[in-house]
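# Have a look at this prediction, sequence included:
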Amino acid sequence: GWADSMYASSAIAARWLSVSDPGGAAEGDLDGGREWTPEALDDEWAELLAALPNVDEDRIHAALLGGVPDAKRPRVWLEFSGAAQAMAARPTLYA
């Protein structure tokens, strides 16, 4: 149900957002030298958000290391904090 989905999203977010030194990657240097252009990072987040709740944790980790584009931050927070699932479960509470 929604609680399981919310927990899964929150657990994924907590796992990656709490990492203080995610593999020692330099800013913009991911997965063996991958560098994100702003357009590529925006496209990656669009794909990840479209794939929810079936997300690949390694892709999320790599995208988080690249950063979350300003335009995507509200949606990323909504989805990975579990707020979207809570809103869907009780729509009149958030009307």
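Perfect, thanks for sending it.
# going forward, measure contacts and count neighbours with C-alpha atoms only.
OK.
# Can you pull out the low-pLDDT segments for the protein?
1-34 (pLDDT under 70).
# switch to 90 and redo it
1-36, 52-57, 80, 82, 91, 93-95 (pLDDT under 90).
# Going along the chain, name the helices of it.
Taking DSSP state H as the test, the helices found in the chain are 2-17, 38-51, 57-66, 73-80, 83-89.
# Of those helices, which stretch is the most buried?
The highest mean neighbour count among the helices of the chain, using mean count of other Cα atoms under 10 Å, belongs to helix 57-66: a mean of 18.
# how much does it deviate in direction from helix 38-51?
140 degrees (axes from the mean of the first three to the mean of the last three Cα atoms, to 10 degrees).
# Tell me which other helices or strands helix 57-66 touches.
In terms of contacts (3 or more Cα pairs under 8 Å, 6 or more residues apart in numbering; DSSP states H and E), helix 57-66 is packed against helix 2-17, helix 38-51.
# And the shortest one, what does it pack against?
Taking 3+ Cα pairs under 8 Å, 6+ apart as contact, the helices and strands that helix 38-51 lies on are helix 57-66.
# Quick check: residue 71 vs residue 91, distance?
From residue 71 across to residue 91, the span is 24 Å (Cα to Cα, to the nearest Å).
# sorry, that was for residue 43
In this view, residue 43 and residue 91 are 29 Å apart by Cα to Cα.
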